[in-house]
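[1] for reference, the sequence and a predicted model appear below.
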Amino acid sequence: MTRTILIVEDEPILREVMKDYFLEEGYEVLEAGDGKNALELFHEHEVDLIILDIMLPELDGWSVCKRIRKISNVPIIMLTARSDEDDTLLGFELGADDYVTKPYSPPILLARAKRLLESRQTREQEDDTLSSSGISIHFPSRMVTVDGENCSLTHTEFEILAYLMKNKGIIITREQLITKIWGYDFVGDDRTVNSHIRNLRSKLGEHAKHIATIVRSGYKFEEKL
């Protein structure tokens with residue numbers, strides 16, 4: 001099945017370069033030069049991954065990401081010309097799955113996109129359901145329920161929860177999470193992991209207690225009463 005990539009970038013030359021790389025790899029590509037058009041295309045088409053610039057006319061990347069996250073957990077890679085760490089953390093808090101700073105290497109961006117898509121496909125091929133302590137994950141639909149109620153997670157939050165639950169009772173270090181979720185070439189630190197864990201716990205409500213912080217080690221999924 002051909003995957004569809006939505007590229008949202010207001011600079012035509014950069015957008016064209018990205019488009020060419022993804023077309024050569026066999027992907028279908030949709031293009032938007034502003035945030036408003038990006039949302040229109042997203043609602044009109046089945047999109048498998050979004051590459052989203054932050055500084056956009058009409059509607060900035062932050063706003064686009066926030067609106068999409070209200071209705072979808074589609075993987076989002078954010079692009080920015082700024083290297084401010086707070087910007088990166090804000091992107092993750094709004095639901096971005098990865099973050100690339102300009103100037104960037106198109107092959108590296110392509111590799112990041114492939115990793116997100118492959119991890120999603122791998123989940124679809126695993127056992128249908130994983131359940132523990134009132135939390136259930138249905139891999140084919142990528143739906144999570146907490147005490148029977150739907151819980152909307154981003155792609156990365158879903159991957160973290162699934163990884164912790166599959167290794168229930170085992171301490172998972174932050175380095176292991178980074179390698180598993182983002183890959184060896186990820187440029188980031190513990191604050192990135194902490195931000196995603198904080199968002200995940202917030203969405204799990206009282207069930208957040210099952211994700212225990214192990215001081216100086218990492219995290220562990222525990223069954224607690």
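    Happy to help now that I have it. Owing to the predicted nature of the structure, the values given are computational and were not obtained by experimental measurement.

[2] Validate this expectation: residue 178 resides in a helix.
    Yes - the assignment for residue 178 by DSSP: H, G, I helix; E, B strand; the rest coil puts it in a helix.

[3] ok, it - how many residues close by?
    Look at residue 178: counted by other C-beta atoms under 10 Å, it has 17 neighbours. Bear in mind the C-beta positions are built from the backbone N, C-alpha and C, glycine included.

[4] same check, this time on residue 223
    10.

[5] residue 5 belongs to a strand, doesn't it?
    Yes - Residue 5: assigned to a strand according to three-state DSSP.

[6] all helices for the protein, in order.
    12-24, 35-44, 61-69, 85-94, 106-125, 155-166, 174-181, 190-204 (DSSP state H).

[7] so who does the nearest residue to residue 200 once chain neighbours are set aside touch?
    Using C-beta to C-beta, 6 or more residues apart in numbering and skipping residues adjacent in sequence, the residue nearest residue 200 is residue 157, 4.6 Å away. Residue 157 sits next to 73, 196, 199-200, 203 when contact means C-beta atoms under 8 Å, 6 or more residues apart in numbering.

[8] just to revisit the earlier point, to residue 222, which of the helices of the chain lies closest?
    helix 155-166 (9.6 Å; C-beta to C-beta).

[9] okay, angle between that closest one and helix 174-181 too, please.
    Put simply, helix 155-166 runs at 120 degrees to helix 174-181, going by axes from the mean of the first three to the mean of the last three C-alpha atoms, to 10 degrees.
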